[in-house]
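S.K.: with the sequence up front, the predicted model follows.
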There are 2 protein chains.
Amino acid sequence: MTKINQLLPIDQIAQQCGIDHDHLIPHGKYVAKVDLSIIKANQNKAKGKLVLVTAITPTPLGEGKTVNTIGLSEGLNYIGKKAIACIRQPSLGPVFGVKGGAAGGGQAEVLPMETLNLHLTGDIHAITAAHDLASAAIDSRLYHEERLGDEFTAKTGLPRLNFDKDRIIWKRVIDHNDRALRHVTVGLGGGVNGIERRDGFEITAASELMAILALANDLHDMRQRIGKIILGYNTEGGVITAEDLEVAGAMTVLLKEAIHPNLMQTIENTPVLIHAGPFANIAHGNSSVIADRVALPLADYVITEAGFGSDMGMEKFFNIKYRQSGIAPSCIVLVATVRSLKSNSGKYNIKPGQPIPKEISESNVELLEIGAANLAWHIQNAKSYGMPVIVAINRFPHDSDEELAFLQQYALHHGAFACEVSEVFTKGGKGAEKLARHVVNACEQKSEIKLPYQSDDKLMVKIEKIAKKYGAKKINLSEQAKKDIQDIENLQLDHLPLCVAKTPMSISADPALKNVPIDFDIDISHLAISAGAGFIRVYAGNIMTMPGLGTNPAYRQIDIDENGQVVGLS
Amino acid sequence: MTKINQLLPIDQIAQQCGIDHDHLIPHGKYVAKVDLSIIKANQNKAKGKLVLVTAITPTPLGEGKTVNTIGLSEGLNYIGKKAIACIRQPSLGPVFGVKGGAAGGGQAEVLPMETLNLHLTGDIHAITAAHDLASAAIDSRLYHEERLGDEFTAKTGLPRLNFDKDRIIWKRVIDHNDRALRHVTVGLGGGVNGIERRDGFEITAASELMAILALANDLHDMRQRIGKIILGYNTEGGVITAEDLEVAGAMTVLLKEAIHPNLMQTIENTPVLIHAGPFANIAHGNSSVIADRVALPLADYVITEAGFGSDMGMEKFFNIKYRQSGIAPSCIVLVATVRSLKSNSGKYNIKPGQPIPKEISESNVELLEIGAANLAWHIQNAKSYGMPVIVAINRFPHDSDEELAFLQQYALHHGAFACEVSEVFTKGGKGAEKLARHVVNACEQKSEIKLPYQSDDKLMVKIEKIAKKYGAKKINLSEQAKKDIQDIENLQLDHLPLCVAKTPMSISADPALKNVPIDFDIDISHLAISAGAGFIRVYAGNIMTMPGLGTNPAYRQIDIDENGQVVGLS
């Protein structure tokens, strides 16, 4: 609670970054929504530079990407620049599961941490509610059409939609890690209890509505996108959209407040916008376009984070978010840790809830050098998009000077614009002073975005180009995947970019393949259309869209203390 | 939107009713949470009088109980008294289903209506999240204990809980009308996808956590209650609580903000506290004890509403809420309509989504007199609790003077302290001027609460006494109900009061029996324990804890207009 004492009232933070009172919607003392109408009000102001933070292939513990996104924004403030960080809202799944919260940490943390990690202003709950309203509407229509049979239209005045109950693609969602909901049968009990069919729940972060919230330009754009969502197919094989079911308006109304980004502050009073929370493995992994558009006229630098490694969130930043928003970053910051690169050597495994192998904590440049190939891969991958790439080594206490010196040299040798040790966890903005100066320099470089595929590439060509970027030798399409590709082409939706769902624990689609895998196959199990979000989901490897809880879940430690304060949340 | 122009900023409303800035947590311009610590700060202040609003047996359209609760608080202000209304938060289920919102209406409405009817400050979503965290934790424990078998404790350091998967009584919840989720199978798919078992979803209003939010005194009391929740039984027949599963702390943390009541205002700027939303048919149907305790030192009169007829929410107010809070009302206001009493005649049926039969809209004292027996029953039922009962006739445009005069005489003849026509919908507080004066007078009467059963009555005696109040001739217990009673007695929880789940559309448990049913049987299908909330749920008749959507659901009309304003929500 001492940390809270360092905070300023949120209207002061807003004032400092030029958000006037009329555009501020307070939610308690330290959180406010910023009315997105500020975008229009500021449309003629000069825009700041966008900086994209990505990472090497992480361990399951995470490598401090959020910490460094927050810390870099503090560092830019420290050297006299105006900076705003734009990050995603944490999901309750990981908070109560294994990873804990996603507020950063140490001197590079968003506060109040509990507010950020729990409900914030309810945006994720609003998405869950809007998503599951469509599910309830689907099953209700299925039931009433079957119950009333040929008399349905005469009795209700509505056209029959004729959902094919085996081809309803709109699963339900919930914001928890709940493996038992992955595959369910609904509508049991007969009679008035609906129509029996197989269904499943995904975590809310994977909802198409989450992607729409992150990609929409404004409320009307959101309304149009929601109308386009494909819920399922009718018995003749035609698509049924949310517009067809007349539920798109109500879904939009449920998201009417969620569309405004949330303003908070770091422990050093740097403003942070939090908005939308798609995961980067099973979704597109980037915070909202609206938050970026709100922030850019208010700051010299806007620092945003793309989830997991550069093969995941960063790739999706360029191919999904950038293609839609047209807002390019001026440089890329690639976060690496000695710990994770040693783990990438493949010789030691870091597992959540277990002690870190002591070999990883001992100075060992040889071990580091093996895993450093992963860093080289990510530098090259990020550079291939046309931007200068700065490596930020997120320093841990056990890291030796020798190891850090090796990595700096290694990164520069492999094409980094700069490589700097970041000590933001212990020192806050001061710990990112040099990093911030490199970022300023890099943002002055001329750059031109290069995208790995064209919109009008055939779907299979897009898949091949992305797989090639991973380093894959061969793509194996299941029969279902082949059918899905055919279906997408028939619907003339193959102009959409890809959103690959795969493990983040390897550049390949197999989490066991560490470092820089080569000559591997990629198995595509199926594809799915997000017509409202504007991408095609491609499922590679054995990837689950609903996590599970482990044997030692984080919720066990979380409680209130005798003063009513939250304990056990980090 | 013109209505919004009449509103005052919420901090002005707070100031007017004596809530200082330190206890106010703003959520936008027109909503704030009131920190419950204000109860302690005001503990030595004089307390106002509590007025309980109930109703006759309603039609599915509702009879304007909320309108009159709001309107009476405006009326008391109109005659120079300080009044605060305390009402429940609407569920999204009815909002998108058939009934529409629950903000009152006309000149007796809580504004902004959209905010109240949609997420408000997220309390219901927090309950859903906390509830379903326990569900995820149950299925996860079941899975890991089965997966690791005899090695579970050695590998995890945790004791085996040995859930009996056929006796997990903690269902999942969602805040929608979704019949397809009433009966589901979870854990399908084998392997890492959990353990297959039958489960079901209830609407969040029926969650024990909703009852706990409505009944808790403070955060620590809430924590203790959540720990006591019985989630299921182990294979030896013993109970497993949320404390046993080590999830009670995390559930409480998710409700840490929800525990503060929400302040809004009526169209006439009368303060309203909105807090918790248990339905009165499948739950205990009253807003929170905390809201009442916050309001009483701030006002001369606190008007609160108990859901559905006096056989439902009012009975539960006395036997559940009052037994726990010790806060007695000073009088009861019984809302009646000409329309509903005519419908209670049993000659015409009012159905949602269908035109009201024209006979009901025509002046017809004979028809009214038949159904007026229902009014007499509710007057007597309310009076039996020891309070003066004032009948408020909620006037509709078609009501004739002759009909209203008849009803006034009829009500007085059957024991009402007063009977007054209420015109709050069209006239606001002015339309309740006389009603308000009667309330002031009634609150000066000496009264002594009489409860229909004692805590130490045997469970079956309690059921018999309540059934007798309904007018039942005979109680039929299913085999399951008999087993449940035995089980509750074995657990020594039979000192708890009852929470009867039954239809609100009849005083009996059969919705087809209109007016004042006599000589009917009541079938009890099963009982269930809410050990944290502190009551025993008794399921009478064919009652569902998860509603369904009709053929013409309200969501079809709800949308945003070209200005981004909500349309179709009422």
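M.R.: Great, that's in hand. Computed from a predicted structure; not experimentally measured.
S.K.: who touches whatever residue of the stretch 151-300 of chain A ends up closest to chain B in this structure?
M.R.: The stretch 151-300 of chain A approaches chain B most closely through A:G249 (2.8 Å), counting by C-beta to the nearest C-beta. Where C-beta positions appear, they are placed from N, C-alpha and C, glycine not excepted. Contacts for A:G249 (C-beta atoms under 8 Å, 6 or more residues apart in numbering or on different chains) come out as A:223, B:555, B:558-560, B:568.
S.K.: try 7 Å
M.R.: For A:G249, the contact set (C-beta atoms under 7 Å, 6 or more residues apart in numbering or on different chains) comprises B:558-560.
S.K.: quick check, pLDDT for it.
M.R.: What the model reports as pLDDT for A:G249 is 98.
S.K.: so it: helix, strand or coil?
M.R.: Classification of A:G249 using DSSP: H, G, I helix; E, B strand; the rest coil returns helix.
S.K.: hang on, the earlier thing: chain A next: which of the contacts of A:G249 are close?
M.R.: Restricting the contacts of A:G249 to those adjacent to chain A (criterion: C-beta under 7 Å from any C-beta of the partner chain) gives B:558-560.
S.K.: among the residues you listed, which are located in strands?
M.R.: B:559-560 (DSSP state E).
S.K.: could you dump the ones next to chain A among the contacts of A:G249 to a markdown table with distance to B:L181 and pLDDT?
M.R.: Below are the ones next to chain A among the contacts of A:G249 laid out as a markdown table (distance: C-beta to C-beta, whole Å; pLDDT from 0 to 100):
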| residue | distance to B:L181 | pLDDT |
| --- | --- | --- |
| B:I558 | 21 | 95 |
| B:D559 | 25 | 96 |
| B:I560 | 28 | 96 |
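S.K.: compare the ones next to chain A among the contacts of A:G249 and tell me which is most surrounded.
M.R.: Within those, most neighbours by other C-beta atoms under 10 Å in any protein chain shown means B:I558, with 27 neighbours.
S.K.: tell me the contacts of A:G534?
M.R.: Per C-beta under 7 Å, 6+ apart, neighbours of A:G534: A:215, A:324, A:496.
S.K.: most neighbours among the residues you listed, please name it.
M.R.: Highest neighbour count within these: A:L215, with 27 neighbours (other C-beta under 10 Å).
S.K.: I figured that one hits A:A533, correct?
M.R.: Yes: when contacts are counted by C-beta atoms under 7 Å, A:L215 is listed as touching A:A533 (5.9 Å).
S.K.: return the set of buried residues in stretch A:483-491.
M.R.: If you call a residue buried by 16 or more other C-beta atoms under 10 Å in any protein chain shown, then stretch A:483-491 has these buried ones: A:484-485, A:487-488.
S.K.: got the CA coordinates for it in CSV?
M.R.: Taking C-alpha atoms only, stretch A:483-491 is exported to CSV below (Å, rounded to 0.1, in the frame of the first residue of the first chain):
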residue,chain,number,x,y,z
LYS,A,483,-12.2,-27.8,-46.6
ASP,A,484,-11.9,-24.6,-44.6
ILE,A,485,-9.6,-23.0,-47.1
GLN,A,486,-12.1,-23.9,-49.9
ASP,A,487,-14.9,-22.5,-47.8
ILE,A,488,-13.1,-19.2,-47.2
GLU,A,489,-12.3,-18.8,-50.9
ASN,A,490,-15.9,-19.5,-51.8
LEU,A,491,-17.0,-16.8,-49.4
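S.K.: tell me the pLDDT at A:K351?
M.R.: Confidence score, pLDDT, at A:K351: 78.
S.K.: near it, how many other residues are there?
M.R.: 13.
S.K.: contacts only, for it.
M.R.: A:P60.
S.K.: would you mind measuring from it to A:S343?
M.R.: Here A:K351 is placed at a distance of 10 Å from A:S343 (C-beta to C-beta, to the nearest Å).
S.K.: can you check A:E236 too?
M.R.: 52 Å.
S.K.: between these two, tell me which one has more neighbours.
M.R.: A:S343 (28 against 7).
S.K.: give me the element that one is part of.
M.R.: helix A:338-344 (DSSP states H and E).
S.K.: other SSEs contacting that helix?
M.R.: helix A:358-361, helix A:365-383 (3 or more C-beta pairs under 7 Å, 6 or more residues apart in numbering or on different chains; DSSP states H and E).
S.K.: I'd like those as CSV, with mean neighbour count and distance to B:G101 appended.
M.R.: Putting the helices and strands packed on helix A:338-344 into CSV (neighbours: other C-beta atoms under 10 Å in any protein chain shown; distance: least, C-beta to C-beta, whole Å) gives the following:
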stretch, mean neighbour count, distance to B:G101
helix A:358-361, 15, 57
helix A:365-383, 21, 50
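S.K.: of all the ones you listed, which lies closest to chain B?
M.R.: Using C-beta to the nearest C-beta, the nearest of the helices and strands packed on helix A:338-344 to chain B is helix A:358-361, at 21.5 Å.
S.K.: and the closest one, what does it pack against?
M.R.: helix A:338-344.
S.K.: now the helix it packs on: mean pLDDT?
M.R.: 92.
S.K.: got it, and stretch A:364-372?
M.R.: 94.
S.K.: where's the closest residue to A:L254 other than its chain neighbours relative to B:V31, distance?
M.R.: Using C-beta to C-beta, 6 or more residues apart in numbering or on different chains and skipping the chain neighbours, the partner closest in space to A:L254 is A:A130 (3.9 Å). The gap separating A:A130 from B:V31 is 20 Å, by C-beta to C-beta.
S.K.: who has more neighbours out of the two?
M.R.: Looking at A:A130 and B:V31 with other C-beta under 10 Å, you find the greater number of neighbours at A:A130, namely 27 against 20.
S.K.: for my notes, confirm the more buried one occurs in a helix.
M.R.: Yes: using three-state DSSP, the assignment for A:A130 is a helix.
S.K.: contact partners for it?
M.R.: Per C-beta under 7 Å, 6+ apart, neighbours of A:A130: A:209, A:251, A:254-255.
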